[in-house]
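[1] quick one, structure for this:
(one chain, ligands or ions: 2)
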Amino acid sequence: MTTARALLLCSLLSPFGCTKGPSGGHDTETACNDGADNDGDGLTDCADPDCAEVAPCTWPTAVDLEGRFDFTSTAYGVSDCTTDYTSTVQQVDDPSCDPCDRVMHGTYRYVTDDCPSDPNNPRPSGGSYGFVFTSDTAWQVYFLDGDQAWQTLGTATDDGTGTLVFERTDPVNYQQTQIGTLDTTYWFSEH
Ligand SMILES: [Ca+2]
Ligand SMILES: [Ca+2]
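    Ligands and ions are numbered 1, 2, ... in the order given. I've put the predicted structure just below:
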(Lines give C-alpha, C1' and ligand atoms only; values in the text may rest on other atoms or scores of the structure.)
(Ligands and ions follow the chains in the order given, each with its own letter.)
Protein backbone atom coordinates (compact mmCIF):
# COMPACT_ATOMS: atom_id res chain seq x y z
CA MET A 1 0.00 0.00 0.00
CA THR A 2 1.32 3.43 -0.84
CA THR A 3 1.98 5.81 1.99
CA ALA A 4 -0.72 8.19 0.77
CA ARG A 5 -3.33 5.43 0.68
CA ALA A 6 -2.21 4.21 4.08
CA LEU A 7 -2.60 7.71 5.50
CA LEU A 8 -6.03 8.08 3.88
CA LEU A 9 -7.19 4.76 5.33
CA CYS A 10 -5.72 5.79 8.63
CA SER A 11 -7.66 9.03 8.71
CA LEU A 12 -10.87 7.26 7.68
CA LEU A 13 -10.44 4.71 10.44
CA SER A 14 -9.35 7.20 13.07
CA PRO A 15 -9.55 7.02 16.02
CA PHE A 16 -9.55 3.22 15.71
CA GLY A 17 -6.65 3.04 13.29
CA CYS A 18 -3.44 4.97 12.99
CA THR A 19 -1.86 3.55 16.12
CA LYS A 20 1.83 3.07 16.02
CA GLY A 21 4.70 1.86 18.10
CA PRO A 22 4.67 -0.08 21.33
CA SER A 23 2.86 2.73 23.14
CA GLY A 24 -0.18 2.22 20.89
CA GLY A 25 -0.86 5.96 21.02
CA HIS A 26 -1.97 8.47 18.42
CA ASP A 27 0.13 9.30 15.39
CA THR A 28 -0.13 13.03 15.99
CA GLU A 29 0.12 15.25 19.04
CA THR A 30 -3.62 15.44 19.73
CA ALA A 31 -3.48 18.11 22.45
CA CYS A 32 -0.90 20.87 22.40
CA ASN A 33 -1.32 22.09 25.97
CA ASP A 34 -1.88 18.99 28.11
CA GLY A 35 1.73 18.46 29.17
CA ALA A 36 1.69 14.97 27.64
CA ASP A 37 3.49 13.46 24.65
CA ASN A 38 0.32 12.09 23.03
CA ASP A 39 1.92 10.32 20.07
CA GLY A 40 4.94 8.96 21.90
CA ASP A 41 7.51 10.55 19.59
CA GLY A 42 9.45 12.10 22.45
CA LEU A 43 8.21 15.63 21.74
CA THR A 44 5.63 17.16 24.05
CA ASP A 45 3.06 19.85 23.16
CA CYS A 46 4.62 22.86 21.38
CA ALA A 47 7.96 21.04 20.99
CA ASP A 48 6.19 18.64 18.61
CA PRO A 49 6.04 19.94 15.00
CA ASP A 50 2.44 18.63 14.85
CA CYS A 51 1.53 21.65 17.00
CA ALA A 52 3.41 24.22 14.93
CA GLU A 53 0.26 25.90 13.60
CA VAL A 54 -1.84 25.50 16.73
CA ALA A 55 -2.48 28.12 19.41
CA PRO A 56 -1.01 28.49 22.00
CA CYS A 57 2.16 27.38 20.21
CA THR A 58 1.88 30.31 17.79
CA TRP A 59 1.50 32.83 20.63
CA PRO A 60 4.59 34.76 21.66
CA THR A 61 6.37 33.75 24.86
CA ALA A 62 8.40 36.98 25.06
CA VAL A 63 7.50 40.48 23.91
CA ASP A 64 9.43 43.75 23.92
CA LEU A 65 7.48 46.47 25.69
CA GLU A 66 7.88 50.23 25.59
CA GLY A 67 5.67 52.14 28.00
CA ARG A 68 5.03 55.86 28.17
CA PHE A 69 3.10 57.98 30.66
CA ASP A 70 2.76 61.48 29.24
CA PHE A 71 1.24 64.06 31.58
CA THR A 72 -0.09 67.29 30.08
CA SER A 73 -0.83 69.98 32.64
CA THR A 74 -3.85 72.27 32.49
CA ALA A 75 -3.13 73.89 35.87
CA TYR A 76 -1.03 76.95 36.62
CA GLY A 77 2.27 76.08 38.25
CA VAL A 78 2.11 72.38 37.35
CA SER A 79 4.60 71.13 34.75
CA ASP A 80 4.17 68.62 31.97
CA CYS A 81 6.24 65.48 32.46
CA THR A 82 6.96 62.13 30.86
CA THR A 83 7.97 58.72 32.13
CA ASP A 84 9.33 56.22 29.58
CA TYR A 85 10.43 52.69 30.28
CA THR A 86 11.33 49.56 28.37
CA SER A 87 11.05 45.91 29.28
CA THR A 88 11.08 42.44 27.83
CA VAL A 89 8.09 40.67 29.28
CA GLN A 90 8.37 36.89 29.42
CA GLN A 91 5.74 34.19 29.78
CA VAL A 92 5.11 33.21 33.40
CA ASP A 93 2.88 30.55 34.92
CA ASP A 94 0.18 32.69 36.53
CA PRO A 95 -3.40 31.36 36.40
CA SER A 96 -4.72 34.33 38.42
CA CYS A 97 -5.72 36.23 35.25
CA ASP A 98 -8.77 34.16 34.48
CA PRO A 99 -9.56 35.22 30.89
CA CYS A 100 -5.93 35.51 29.81
CA ASP A 101 -4.36 33.28 27.20
CA ARG A 102 -0.97 34.23 28.56
CA VAL A 103 0.57 36.22 31.41
CA MET A 104 3.95 37.86 30.96
CA HIS A 105 6.17 39.60 33.48
CA GLY A 106 9.15 41.88 33.02
CA THR A 107 11.40 44.27 34.89
CA TYR A 108 11.43 47.92 33.87
CA ARG A 109 14.32 50.04 32.69
CA TYR A 110 13.44 53.71 33.02
CA VAL A 111 14.63 55.71 30.02
CA THR A 112 13.08 59.09 30.75
CA ASP A 113 11.48 60.18 33.99
CA ASP A 114 11.04 63.86 34.79
CA CYS A 115 7.81 63.41 36.73
CA PRO A 116 7.80 64.25 40.45
CA SER A 117 8.79 61.35 42.68
CA ASP A 118 6.60 60.28 45.56
CA PRO A 119 8.40 58.63 48.49
CA ASN A 120 5.14 56.90 49.48
CA ASN A 121 4.58 55.55 45.99
CA PRO A 122 7.93 54.65 44.39
CA ARG A 123 8.19 53.66 40.74
CA PRO A 124 7.51 49.96 40.21
CA SER A 125 10.52 47.82 39.33
CA GLY A 126 8.46 45.70 36.95
CA GLY A 127 5.00 44.66 35.94
CA SER A 128 2.76 41.80 34.87
CA TYR A 129 0.59 41.95 31.76
CA GLY A 130 -2.16 39.58 30.70
CA PHE A 131 -3.13 38.97 27.10
CA VAL A 132 -6.05 37.52 25.24
CA PHE A 133 -4.81 36.94 21.69
CA THR A 134 -8.02 37.93 19.95
CA SER A 135 -6.27 37.88 16.56
CA ASP A 136 -2.87 38.53 14.99
CA THR A 137 -3.69 42.23 14.90
CA ALA A 138 -5.64 42.77 18.14
CA TRP A 139 -4.86 41.73 21.71
CA GLN A 140 -6.89 42.37 24.84
CA VAL A 141 -4.51 43.70 27.47
CA TYR A 142 -4.78 43.32 31.25
CA PHE A 143 -2.51 44.74 33.93
CA LEU A 144 -1.83 43.50 37.46
CA ASP A 145 -2.19 46.54 39.71
CA GLY A 146 -0.44 47.30 42.99
CA ASP A 147 -3.21 45.55 44.93
CA GLN A 148 -2.57 42.35 42.92
CA ALA A 149 -5.88 42.75 41.08
CA TRP A 150 -6.15 42.35 37.31
CA GLN A 151 -7.43 45.44 35.54
CA THR A 152 -8.80 45.43 32.00
CA LEU A 153 -6.88 48.03 30.02
CA GLY A 154 -8.38 47.63 26.55
CA THR A 155 -7.27 46.58 23.11
CA ALA A 156 -3.81 46.82 21.58
CA THR A 157 -3.99 46.95 17.78
CA ASP A 158 -1.40 46.51 15.06
CA ASP A 159 -0.02 49.82 13.83
CA GLY A 160 0.76 48.30 10.44
CA THR A 161 4.35 47.38 11.24
CA GLY A 162 3.64 44.38 13.48
CA THR A 163 3.81 46.45 16.67
CA LEU A 164 0.64 46.29 18.75
CA VAL A 165 -0.18 49.63 20.30
CA PHE A 166 -2.40 50.36 23.29
CA GLU A 167 -3.38 53.97 24.02
CA ARG A 168 -5.67 55.66 26.48
CA THR A 169 -6.12 59.12 28.00
CA ASP A 170 -7.31 59.72 31.54
CA PRO A 171 -8.03 62.90 33.50
CA VAL A 172 -5.67 63.63 36.40
CA ASN A 173 -7.29 65.14 39.47
CA TYR A 174 -5.76 66.75 42.53
CA GLN A 175 -8.03 67.59 45.45
CA GLN A 176 -11.10 67.09 43.24
CA THR A 177 -9.87 69.49 40.55
CA GLN A 178 -8.63 68.33 37.19
CA ILE A 179 -5.03 69.44 36.74
CA GLY A 180 -4.29 67.73 33.46
CA THR A 181 -4.48 64.58 31.39
CA LEU A 182 -2.37 61.46 31.31
CA ASP A 183 -1.74 59.70 27.99
CA THR A 184 -0.71 56.10 28.52
CA THR A 185 0.83 54.23 25.60
CA TYR A 186 2.22 50.71 25.41
CA TRP A 187 4.01 49.34 22.38
CA PHE A 188 4.29 45.56 22.21
CA SER A 189 6.60 44.17 19.55
CA GLU A 190 8.24 40.88 18.67
CA HIS A 191 11.20 40.08 20.88
CA1 LIG B 1 4.55 14.18 20.58
CA1 LIG C 1 0.32 16.98 24.21
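[2] tell me where the chain has helices.
    3-13 (DSSP state H).
[3] would you mind finding the longest strand in it?
    Identified as the longest strand of the chain according to DSSP state E is strand 177-190.
[4] which residues are in contact with it?
    60, 63-75, 78, 80, 139, 141, 153, 156, 162-173 (Cβ atoms under 8 Å, 6 or more residues apart in numbering). Just so you know, the C-beta spots here come from the backbone N, C-alpha and C atoms, and that holds for glycine as well.
[5] ok, which residues in the chain are in contact with ligand 2?
    31, 34, 36, 38, 45 (Cβ under 5 Å from the ion).
[6] residues near the third one, how many?
    Just to be clear, that refers to residue 36. Residue 36: 13 surrounding residues under other Cβ atoms under 10 Å.
[7] the closest residue to it other than its chain neighbours: neighbouring residues, count only.
    Closest residue to residue 36 apart from its sequence neighbours, by Cβ to Cβ, 6 or more residues apart in numbering: residue 44 at 6.6 Å. By the criterion of other Cβ under 10 Å, residue 44 has 16 neighbours.
[8] separation between residue 42 and residue 164?
    35 Å (Cβ to Cβ, to the nearest Å).
[9] list the buried residues of the longest strand of the chain.
    For strand 177-190, a neighbour-count test (16 or more other Cβ atoms under 10 Å) marks 179-180, 182, 184-188 as buried.
[10] residue 49 contacts residue 42, correct?
    No. The criterion here is Cβ atoms under 8 Å, and residue 49 misses it with residue 42 at 11.9 Å.
[11] have a look at the two and say which one is more surrounded.
    Using other Cβ under 10 Å as the criterion, residue 49 and residue 42 rank with residue 49 on top: 12 against 8.
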